[in-house]
Each structure stands twice: as C-alpha cells, then as structure tokens.
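> pasting the structure only:
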C-alpha cells in the first residue's frame with residue numbers, strides 16, 4: 001500500500017487535470033487474483049477523472065503460497081486526456097520487482113503516437129525472431145493501464161451492448177497487440193463487490209499480436225487462439241467510463257480470475 005500511495009503522490013504532483021474542472025470522480029478499486037480458485041495475488045487502482053482527462057495509479061503483488069515461492073510486486077501510473085470520445089494517454093510508467101527480475105518501463109505518448117519508450121534493463125533477446133516494432137505499430141495506441149478505461153459517447157448509455165464492441169490497440173514498450181472485445185451478455189455484478197451492485201457488460205476478448213512478439217514462441221499463437229478470455233465492464237458512477245470489474249483467462253494450468261472486491265466511486269468539487 002505504501003508503494004501505491006507514493007505512486008499516487010508522484011502522479012498528482014505532475015498532473016493537474018483532476019483539478020481543472022469543477023467536478024472530479026474518483027474510483028477506488030481493489031482486486032483479488034485467483035488461479036483455479038486459489039488466491040495468488042491482489043491489486044488496487046485509484047482513478048481520478050473528469051471531462052478533460054484522467055490520472056490513475058495501480059499496484060499489484062503476489063500473495064499466499066505463491067509469495068513463498070517467488071516474491072513479486074509492481075506499481076504503475078498514467079495520465080491522459082479525452083479527445084473526441086477517445087482515451088489519449090500521455091505519460092505511463094511501470095516498476096516491477098520480483099525474485100527473478102526488476103524492471104522499469106516508461107512511455108511518452110503524443111497524440112496517440114508512442115514517441116518515446118524504454119525498458120530497463122533491456123531484454124536479452126531483443127532482436128531474436130521478433131516482429132519489429134515499426135512507427136506504424138506505435139501509432140494510435142494506448143498503454144495497458146489506459147486501455148482499462150472504456151469511454152462511451154454519452155453517460156446515460158454506458159451499458160449499451162455496443163459499448164463492448166471495440167478494439168483496444170495496446171503498446172506496453174515491449175509488445176504491440178490488439179484486444180478485440182465483443183458483446184456477450186449483460187448480467188448483475190457479484191454481490192461480494194463492495195461499492196457497486198448493478199448490471200455489468202460481459203465481453204468476450206480476443207488477443208491479436210501485432211509486433212514485438214517472437215515468432216518462435218508457441219505461447220503467442222496459443223494466446224491468439226484462446227477463446228476463453230472474458231472481461232466484465234462496470235460503469236463508474238457519474239461518468240461515461242466503463243472499467244473492468246472482472247477478467248477471466250483460461251491458461252494451461254487452469255483459469256485465472258481477477259475480480260474486484262471493492263469498486264467505489266465518489267464525486268468531489
């Protein structure tokens with residue numbers, strides 16, 4: 001939690017958009033991560049947004065038995081704007097620390113183009129059988145944290161099934177890929193989620209590799225062929241933004257589920 005607080009402090013020292021307009025909405029969300037029903041991690045996100053844009057900070061760490069085997073935690077921060085119903089990130093930074101590796105990623109986006117990016121330390125196999133990340137692959141992209149904000153045209157219609165139907169062009173400084181969402185059904189949010197009880201959109205997701213991935217890795221094609229990827233989207237009250245409240249991914253060792261235990265939206269002036 002101290003890492004998350006520090007990230008939030010750093011983010012809001014450099015971003016002033018949340019105070020630019022009269023009303024700001026804050027989402028305070030916490031998530032649990034389970035693999036075949038066994039708890040393996042937890043995370044948290046604080047998101048501030050208004051009509052002009054957003055700033056967010058997130059943290060995640062291993063828990064339970066997994067932490068006894070491999071310690072791991074990470075933080076990420078991002079800020080950006082809303083332009084013509086598009087989410088445009090401007091600065092993204094991620095720091096992860098694990099037993100095997102410490103890594104820092106920074107991305108500077110200008111008008112949707114990833115102008116600058118770095119991964120430290122750089123991957124050892126940077127050029128081995130990798131699809132090159134071209135200038136075209138860095139155009140009209142969002143970072144992984146901003147991709148979780150689904151902006152819709154009108155606040156009163158956020159749960160329209162068409163809100164699911166979109167393609168998220170994600171660039172994380174190592175890989176460029178699309179996540180293609182399509183509407184599956186509408187259902188009620190789990191009763192155990194603190195802060196939100198209401199309808200959610202269930203979207204099927206499809207992973208499409210674009211660049212940066214290694215062509216000799218069968219895992220890439222396995223993920224691209226995986227049809228057991230699902231995202232549940234919940235509205236952030238008072239806004240025209242949907243945010244994942246649950247994610248389910250089938251893996252070779254079972255189903256991994258990331259689910260919100262807290263999803264509270266508050267407004268301030």
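Structure's in. What do you need? Fair warning: this is a prediction, and the values are worked out from it, not measured in the lab. Numbering: from 1, shown residues only.
> quick one: contacts of stretch 95-104?
Contact partners of stretch 95-104, identified using CB atoms under 8 Å, 6 or more residues apart in numbering, comprise 70-76, 93-94, 105, 118-121. The way it works is simple: take the backbone N, C-alpha and C, and place the C-beta from them, glycine included.
> quick one: which of those residues is nearest residue 27?
residue 76 (15.3 Å; CB to CB).
> who's the closest one bridged to?
residue 58, residue 94 (DSSP bridges).
> that one contacts residue 94, doesn't it?
Yes. If you go by CB atoms under 8 Å, residue 76 and residue 94 touch, sitting 4.1 Å apart.
> list the residues that contact both of the two?
144-145.
> and the helices in the stretch 151-269 of the chain, which stretches?
Secondary structure of the stretch 151-269 of the chain by DSSP state H, counting those that start in this stretch: the helices cover 218-224.
> confidence-wise, which of the contacts of stretch 95-104 comes last?
Ranked by pLDDT, the contacts of stretch 95-104 bottom out at residue 70, which scores 53.
> what subset of the contacts of stretch 95-104 is buried?
Buried members of those, scored by 16 or more other CB atoms under 10 Å, are 72-76, 93-94, 105, 119.
> quick one: which of the residues you listed is nearest residue 133?
Each of those was scored against residue 133 by CB to CB, and residue 119 proved nearest at 11.2 Å.
> check which helix or strand covers that closest one.
Per DSSP states H and E, residue 119 falls inside strand 113-120.
> can you list contacts of that strand?
Strand 113-120 is touched from outside by 103-109, 138-141, 171, 173-174, with contacts defined as CB under 8 Å, 6+ apart.
> try 6 Å
Residues from elsewhere that reach strand 113-120, judged by CB atoms under 6 Å, 6 or more residues apart in numbering: 104-108, 138-139, 141, 171, 173-174.
> can you pick out the most distant pair from these?
So, the contacts of strand 113-120 by CB to CB: farthest apart are 104 and 139, at 24.2 Å.
> and the lengthiest strand in the chain, what does it pack onto?
For the chain, the strand with the greatest residue count under DSSP state E is strand 254-268. Packing partners of strand 254-268 (3 or more CB pairs under 6 Å, 6 or more residues apart in numbering; DSSP states H and E): strand 24-35, strand 241-251.
> try 10 Å
Using 3 or more CB pairs under 10 Å, 6 or more residues apart in numbering; DSSP states H and E as the contact definition, the elements that strand 254-268 packs against are strand 24-35, strand 38-49, strand 229-235, strand 241-251.
> partner strands of the third one, with direction?
The pairing partners recorded for strand 229-235 under DSSP bridges are strand 199-211 (antiparallel), strand 241-251 (antiparallel).
> what mean pLDDT does it have?
When pLDDT is averaged along strand 229-235, the result is 97.
> can you check the second one too?
This predicted structure assigns strand 38-49 an average pLDDT of 94.
> pLDDT weak spots in this structure?
1-22, 64-71, 125-127, 155, 269 (pLDDT under 70).
> residue closest to the middle of it?
Nearest to the mean C-alpha position of the chain, by CA atoms, centre = their mean, lies residue 145 at 3.5 Å.
> how about the secondary structure of the residue nearest to it when sequence neighbours are not counted?
The spatial neighbour of residue 145 that comes closest, neighbours along the chain excluded (CB to CB, 6 or more residues apart in numbering), is residue 78 at 4.5 Å. Three-state assignment for residue 78 (DSSP: H, G, I helix; E, B strand; the rest coil): strand.
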